[in-house]
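Q: structure, please.
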Amino acid sequence: MNRGARKQPVFLDLEARVLFLSILEELPRFSVRVHGYALMPNHYHLLIESVTGELPRAMRHIGAEFSRRLNRQNRWDGPIFRGRYHNRMVSTQAYWRHLLVYVHQNPLRADAGPVDSPYWTSHAAYAGLAPRPEWLTTAELQGIFGSQAAYMEYFQSVREGAARGPDDFDAKRLWAPGSTGVVAVPNLSAPLWQLADALDAICAVTGHTIEQLQDSPPGPPGNPASWLAAWWMSRHCGIDHGRIAAALASSHTGVSKRIAKVEARRDQDPQLHKWIQALAMVTRPRTS
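A: Residues are numbered from 1 along each chain as shown. Modelled structure (predicted):
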């Protein structure tokens, strides 16, 4: 989420709201999925999933592009938002489910100011009140609720105070200054992917064997598949550099160099871009 600079209103007219949503439509280029949103007069909330670890780039794009375009439209100058966005990580279905409804009900709370249409949250798409924009991903959360009727029932229960969400959900502390930046993460030391599953995914997408991933000759042209393996396992899978180094028969320095090569070349290298897009579609295997 982010707020207007100096707590000033940002989304007071149709043009500003439409402009912001048009920028959300551009986020797939950063392998970011938007699961929910709400626009209030002076701030926004987004429920987003960063598939390949590009959240900072995506959020910079939102802030910079919205400020640039809105300033140009209104002949303004200066920052629109107060600074860096706030973010919280969510990893449990119960929290994710409740957070969607919490975000959708933000505009209904007295302290949020008036919002004249449900179109300015993703509630309209989840409730069947408006068509779903192509850039909005609703299937995952709809699957958690089970049906549109179940979503509406829970929405009303929260509205009436009958459903309060998970025990660790604290709306008052959700965006509090100085908070940890993480909620509902039971074990921060655990990787998001198992190493073997991550290697299998890399091999499937690139067509390389593990032995070929371990071969990264110095100098051009190098081994882009090996670079990608290090980058994806670090940025997306949450695997530490020591384990990546062992898997790729490399060193900590070697892993860092591989990651840096992907960061520098992914937008210009068609093969790297193709592989990254393919990895964005890979689903993490569920553990029992």
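Q: tell me which element A38 is part of?
A: Under the criterion of DSSP states H and E, A38 resides in strand 32-39.
Q: same question, F169
A: Judged by DSSP H and E, F169 forms part of no helix or strand.
Q: ok, it to R97 distance?
A: 10 Å (CB to CB, to the nearest Å). C-beta here means a position set from N, CA and C on the backbone, and glycine is covered the same way.
Q: equivalent analysis for S31, please.
A: Distance of S31 to R97, computed by CB to CB: 23 Å.
Q: higher neighbour count, the two?
A: Of the pair S31 and R97, S31 is the one with more neighbours under other CB atoms under 10 Å, namely 21 against 18.
Q: so that one sits right up against A278, yeah?
A: No. Counting by CB atoms under 8 Å, S31 stays clear of A278, with 10.6 Å between them.
Q: returning to what we had before: just the mean pLDDT for the strand holding A38, thanks.
A: Strand 32-39 shows a mean pLDDT of 92.
Q: could you point out which element follows that strand?
A: Downstream of strand 32-39, the first helix or strand assigned by DSSP H and E is strand 43-50.
Q: how about the CA coordinates for the worst-scoring helix or strand of the chain on mean pLDDT, as CSV?
A: Sorting the helices and strands of the chain by mean pLDDT, DSSP states H and E puts helix 252-265 at the bottom, at a mean of 84. Once non-C-alpha atoms are left out, helix 252-265 reads as follows in CSV (Å, rounded to 0.1, in the frame of the first residue of the first chain):
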residue,chain,number,x,y,z
HIS,A,252,29.0,-17.9,-3.2
THR,A,253,30.7,-15.5,-5.5
GLY,A,254,29.8,-17.6,-8.5
VAL,A,255,26.2,-17.6,-7.5
SER,A,256,26.2,-13.8,-7.0
LYS,A,257,27.8,-13.3,-10.5
ARG,A,258,25.2,-15.5,-12.1
ILE,A,259,22.4,-13.6,-10.5
ALA,A,260,23.9,-10.3,-11.5
LYS,A,261,24.1,-11.5,-15.2
VAL,A,262,20.4,-12.2,-15.2
GLU,A,263,19.5,-8.9,-13.6
ALA,A,264,21.6,-7.1,-16.2
ARG,A,265,20.4,-9.0,-19.3
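Q: off-centre distance for the following helix or strand past it?
A: Counting by DSSP H and E, the next helix or strand C-terminal to helix 252-265 is helix 270-279. Remark: helix 270-279 is offset 19 Å from the chain centroid, using CA atoms, centre = their mean, to the nearest Å.
Q: same question, stretch 95-106
A: 15 Å.
Q: the inter-axis angle of the longest helix seen in the chain versus strand 32-39?
A: Counting residues, the longest helix in the chain under DSSP state H turns out to be helix 55-74. Relative orientation of helix 55-74 versus strand 32-39 (axes from the mean of the first three to the mean of the last three CA atoms, to 10 degrees): 50 degrees.
Q: what is the mean pLDDT for helix 55-74?
A: 91.
Q: next: stretch 127-138.
A: 89.
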